[in-house]
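Engineer: With the input below, show me the fold.
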Amino acid sequence: MKLITGTALALVLLAAPAFASGTHAGGHHDEMDVGKPGDASSVSRTIMVSMSETDDGRMLFEPALLEVKNGETIRFAIKNAGELEHEFVLDTHHNNEEHKALMAKFPEMEHDDPNAIRLVEGADGEIIWTFSKTGTFEFACLIPGHYESGMKGDITVAGK
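Structural biologist: Okay, here's the model as predicted:
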């Protein structure tokens, strides 16, 4: 019995780092399609982003369209100016769609990803991000119903 218990404990300990790497398969702490976590000492500019809702039920980011350069490190200063909890998730459209489907099943899912931040009403926070690939990417609120209410935006990453 001790051998089985010892083996089981060893398997749990060996598997623990995989779970600690993030809340999604493989974690998001390394380079992603949209880039990688940035270093505060490399920030080239700050982009202010506001999250809110309108009286008619629309949910939005201000601004909803952003342009950055490949290789640029951005500090996103994010403010939840709304009356509901919101999140800012930076990724590809495809990955956000997959994440949104998962959030629909598990709406209280906790995140520990450097490309995302969830803020209660009135709170602010930041994400520092280095864009390392050109293309069009997306930022979105994936709390159930928010994306469908318009809470998404595009980031175009142009060549240097």
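Engineer: Can you spell out the domain ranges of this protein, please?
Structural biologist: Listed by automatic domain parsing, the domain ranges of the chain are 1-30, 31-158.
Engineer: what is the mean pLDDT for the longest one?
Structural biologist: Taken as a whole, domain 31-158 carries a mean pLDDT of 95.
Engineer: what about that domain, start to end distance?
Structural biologist: Across its full length, domain 31-158 reaches 18 Å end to end, with Cα to Cα, to the nearest Å as the criterion.
Engineer: ok, now stretch 75-95?
Structural biologist: Taking Cα to Cα as the measure, stretch 75-95 stretches 22 Å from start to finish.
Engineer: what's near enough to touch the nearest residue to Gly57 once chain neighbours are set aside?
Structural biologist: Counting by Cβ to Cβ, 6 or more residues apart in numbering, the nearest residue to Gly57 once its immediate chain neighbours are dropped is Ser149, at 6.2 Å. Bear in mind the C-beta positions are built from the backbone N, C-alpha and C, glycine included. Contact criterion Cβ atoms under 8 Å, 6 or more residues apart in numbering gives 53, 57-59 as the residues in contact with Ser149.
Engineer: Then Gly150?
Structural biologist: By Cβ under 8 Å, 6+ apart, the residues touching Gly150 are 58-60.
Engineer: Most neighbours of all the contacts of Ser149, which one?
Structural biologist: Going through the contacts of Ser149 with other Cβ atoms under 10 Å as the criterion, the one with the most neighbours is Met59, at 21 neighbours.
Engineer: Having no further points to raise, I will conclude here.
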